[in-house]
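Asks: Take a look and give me a structure for this.
(one chain, ligands or ions: 2)
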Amino acid sequence: MSKKKLVVALGRNSFGDTFPEQQKAVKIAAKSIADLIEADYEVVITHSNGPQVGMFHTAMTEFSRLDSKYTVAPMSVCSALSQGYIGYDLQNILRTELLNRGIFKPVSTIITQVKVDPFDKAFSNPTKIIGRYMSEEEADLEKKKGNYVVFEEGKGYRRIIASPKPKEIYEIDAIQALIAANQIVIAAGGGGIPVLEQGTILKGASAVIEKDDTSELLAELVDAEVLLFLTGVEKVSLNYGKEEEQPLDTLNSKEVQDLLETGVFEAGSILPKVEASLKFVTSTLNNSTTDRRAIITHVDQALNAVHGKTGTHIIK
Ligand SMILES: Nc1ncnc2c1ncn2[C@@H]1O[C@H](COP(=O)(O)OP(=O)(O)O)[C@@H](O)[C@H]1O
Ligand SMILES: NC(=O)OP(=O)(O)O
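Replies: Residues are numbered from 1 along each chain as shown. Ligands and ions are numbered 1, 2, ... in the order given. The predicted model follows:
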């Protein structure tokens, strides 16, 4: 019998905002993923990059101001940097975690490019929050450079950028080849590097793709049975954070659709995960299983959730 294939999408809390935070947090994610591999699931990993892509962009911009030998790095290059920065840590820490359990499996990160549509409306309506919180003065400087910022009450300002929909994953054959060779792949990190196809050239776009959307596309393309979002909560809730909070266990696509229509889920955080889950379980692309499932749970609950003991499960 073939192994059950999971696409595991790691959220922001698996990496934190800084390098020391990343070193600590990645260990938790690696343990959770190793639990799945040890239980004989086939795992493809993808991850967030919002804080990191913003960090690289700010750092390169500041360097270029200090020294003309340095040049500003386009946002697409910062996406590529974030895939290497996170992938390097994750592949090494996961490799060690597996070796410590007596599991010998190569773990590789694939620098992954994702096609976006130049006419995607997202380019004229930036929504994706990236980078750290800024003071009002720093936010003013960003605005002067032509960048967009949003204000979060009590927290400060953050940059926002266009987040077009992912259309195609260019390195999908390489990802499939590694899966077929029984290896662990980290791919499409940060939603993939957004690129515009111009003849034979893939030109980096100034955008950051929602990783929940690309995780969903990846899960369809590799024909995964489970799309597992590992985030900061054990379950999706109604009335999240309120006294009458109601954690959700299992929802079918009709129930999810009805909830989405009421607008109960917060944009930019839990909403893209719920929408991607619905798309995954209802899509017919490459669907060889009648039992597709998306699960949203906390990063330390991966195996429990896949075994049905926790998490919010979305089914057809
Ligand atoms: N209705 C909800 N149910 C559960 N969590 C919610 C809800 N609304 C907002 N959240 C918050 O959204 C977070 C997930 O969004 P985010 O941190 O952006 O995702 P990611 O972990 O993929 O980076 C949760 O950890 C939780 O704090
Ligand atoms: N690219 C992306 O969706 O990253 P975050 O999850 O950090 O926003």
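
Asks: so how far is stretch 37-57 off the chain centroid?
Replies: Its chain's C-alpha centre and that of stretch 37-57 lie 6 Å apart, by CA atoms, centre = their mean, to the nearest Å.

Asks: same question but for stretch 225-235, I mixed them up
Replies: The chain centre lies 11 Å from the centre of stretch 225-235; the measure is CA atoms, centre = their mean.

Asks: CA-only coordinates of that stretch in CSV, if you can.
Replies: Extracted in CSV, the C-alpha atoms of stretch 225-235 (Å, rounded to 0.1, in the frame of the first residue of the first chain):
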residue,chain,number,x,y,z
GLU,A,225,-4.4,13.2,0.7
VAL,A,226,-4.0,15.8,3.5
LEU,A,227,-3.2,19.5,3.5
LEU,A,228,-2.0,20.2,7.0
PHE,A,229,-1.7,23.9,8.2
LEU,A,230,0.5,24.1,11.3
THR,A,231,-0.2,27.4,12.9
GLY,A,232,-0.6,29.1,16.3
VAL,A,233,-3.9,27.6,17.4
GLU,A,234,-5.1,24.0,17.9
LYS,A,235,-8.4,24.7,16.2
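
Asks: do you know how far Ile136 is from Asn147?
Replies: For residue 136 the amino acid is Glu, not Ile. Glu136 is 15 Å from Asn147, where distance means CB to CB, to the nearest Å. Bear in mind the C-beta positions are built from the backbone N, C-alpha and C, glycine included.

Asks: swap that for Gln257, please
Replies: Distance from Gln257 to Asn147, by CB to CB: 36 Å.

Asks: and the residue nearest to Gly11 when sequence neighbours are not counted, what are its phi and psi?
Replies: Of all residues not flanking Gly11 in the chain, Thr231 sits nearest, at 4.1 Å (CB to CB, 6 or more residues apart in numbering). For Thr231, the backbone dihedrals (degrees, to the nearest 10) come out as phi -130, psi -150.

Asks: how many other residues sit next to Thr231?
Replies: Residues lying near Thr231 (other CB atoms under 10 Å) number 21.

Asks: How about Lys155?
Replies: 8.

Asks: before we move on, what about the one 10 residues further on?
Replies: Neighbour count of Lys165, defined by other CB under 10 Å: 18.

Asks: Lys211 reaches Gln52, doesn't it?
Replies: No. At 11.6 Å, Lys211 and Gln52 do not qualify as touching, with contact defined as CB atoms under 8 Å.

Asks: got any residues that touch both of those two?
Replies: Here Lys211 and Gln52 have Gly190 as joint contacts, going by CB atoms under 8 Å, 6 or more residues apart in numbering.

Asks: Give me every residue in the stretch 1-150 of the chain lying close to ligand 2.
Replies: Gly11, Arg12, Ser48, Asn49, Gly50 (CB under 6 Å from any ligand atom).

Asks: which of those sit farthest apart?
Replies: Largest separation among those by CB to CB: Gly11 and Asn49, giving 10.6 Å.

Asks: More neighbours: these two, which one.
Replies: Taking other CB under 10 Å, Gly11 and Asn49 do not tie; Asn49 has more neighbours (26 against 22).
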